[in-house]
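In: with the sequence up front, the predicted model follows.
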Amino acid sequence: MLSAPLVVWGTYDVSKPNVRQLLAGIRAVGIAVHEVHADIWAGVRDKGTLTRGEQLRAAWRWLRSVPALVRGYLAAPPHDVVLVPYLGLFDLFVLLPFARHRGARLVWQVFISPWDTAVNDRRMLSPWNPLAMALYAAEWIAVRAADRSFIDTPAHARRFERLMGVAAGTVGDVPLGTDPARFPPRAGRPTLRSPLRVFFYGQYIPLHGIETIVRAAKRCEEAGVAVQWELAGLGQEHPRITALIEALGVRSVTQLGWIDAAEIPGRIHACDVGLGIFGTSGKAITVVPNKAYEIAATQTPLISGDTPALASFAPGHPWVLRVPPGNDAALADCVMRLARQGAWPDAPPMPVVGPREIGAAFERVIAGLA
């Protein structure tokens, strides 16, 4: 336990569940928090789809926020540790000299690597693009400048360490988890109706593997198995996925577009099975997405890619089904078996990773700093 308040500093994106849940977890284990925050991301759903003009406006908002953030930090109460949450890569460089001046240890929530996301996962930049090279250099320096860094899973931490060339064990891990109050358990047992109702929600990024879902839906149609697929969200892949649905003539997929976050728990409760992610990139196989924790908290069965990260998520639970990432035939076979199954087997409750679990993992990351 820290003897002084934890200072949480920067332009962190409070619209993202990972940031909200991290702060809730820190408070849940009794750590006092002093926030110095500038909200520059209000109204931005997906940073990867910003136009050049929107990127410039975001950069200007960031620059304008820096003087007040620095003043706020210098006026913060005495502290041993300062946390820079996501998206804090550039915040970290501003804060570093001031944290050193105050004798505070600096902790960085990586969450995702902007370089890995832009170059390897979303393939928006070539590795030799000057912007990509600058991002890599910034992350390479940041992970060495921070006294502690952490990311969402052990597999993702090992990947980030390899990419940045630091020793294994340098980067800690804190699960994304969820807020059980927002995602309460459904009433009664999970259902298997006809037609089977399958639900996906997310930002339509390559990591999600939505093409795999659409092709699996087509296979189910061709086999004459009644399934209703609902896809909620918008993002980078949305135009391509819409074109694919039209080209394949898929009739059982409904795209809902962006829905309010308050609707998502009800949509999960209304489905028979929720979908995780099916991407095949190096990043995709090392993460457990928010939606997996959220779906599990509602006690709704889950199908997701069989990845190293997901292997430790509810191992052996009969309501957590795994298929090879990117394999639409395997996903279709899994869904069709469920449609013919009739009922879910009896099982203990699915795991709920909430604030206390998140806070305990954060305490392990910062152990020994104060």
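Out: Nice, I can see it. Numbers count the residues shown, from 1 in each chain.

In: distance check, Ile259 against Ile268.
Out: 12 Å (C-beta to C-beta, to the nearest Å). C-beta coordinates here come from the backbone N, C-alpha and C atoms, glycine included.

In: neighbour count: those two, which is higher?
Out: Higher neighbour count among Ile259 and Ile268: Ile268, with 22 against 15, using other C-beta atoms under 10 Å.

In: does the more buried one really touch Pro185, like I thought?
Out: No. Counting by C-beta atoms under 8 Å, Pro185 is not a contact partner of Ile268; they are 10.5 Å apart.

In: Thr178: which element?
Out: Assigned by DSSP states H and E, Thr178 belongs to neither a helix nor a strand.

In: which residues are in contact with each of Ile268 and Pro185?
Out: Thr298 (C-beta atoms under 8 Å, 6 or more residues apart in numbering).

In: burial of the nearest residue to Gln109 once chain neighbours are set aside, as a residue count?
Out: Distances taken as C-beta to C-beta, 6 or more residues apart in numbering place Pro85 nearest to Gln109, at 4.5 Å, with adjacent residues excluded. By other C-beta under 10 Å, 27 other residues sit near Pro85.

In: residue contacts, Pro85?
Out: Pro85 neighbours (C-beta under 8 Å, 6+ apart): 8, 10, 12, 19, 22-23, 109, 111.

In: make it 7 Å
Out: 8, 10, 12, 19, 22, 109 (C-beta atoms under 7 Å, 6 or more residues apart in numbering).

In: any chance of the residues you listed in CSV, plus distance to Val214, neighbour count and secondary structure?
Out: Below are the contacts of Pro85 laid out as CSV (distance: C-beta to C-beta, whole Å; neighbours: other C-beta atoms under 10 Å; DSSP: H, G, I helix; E, B strand; the rest coil):
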residue, distance to Val214, neighbour count, secondary structure
Val8, 40, 23, strand
Gly10, 38, 30, strand
Tyr12, 34, 28, coil
Val19, 31, 20, helix
Leu22, 33, 28, helix
Gln109, 33, 26, strand
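
In: tell me which two of these sit farthest apart.
Out: Gly10 and Leu22 (12.7 Å; C-beta to C-beta).

In: return the distance of the longest helix along the chain from the chain's centre.
Out: Scanning the chain for the helix with the most residues, using DSSP state H, yields helix 52-74. The chain centroid and the centroid of helix 52-74 are separated by 24 Å, computed with C-alpha atoms, centre = their mean, to the nearest Å.

In: same question, stretch 24-40
Out: 19 Å.

In: endpoint to endpoint, it covers what distance?
Out: 21 Å (C-alpha to C-alpha, to the nearest Å).

In: give me the contacts around it.
Out: Contacts of stretch 24-40 (C-beta under 7 Å, 6+ apart): 1-2, 5-12, 14, 23, 58, 61-62, 65, 68-69, 72-73, 76-77, 177, 179, 355-356, 358-360, 362-363.
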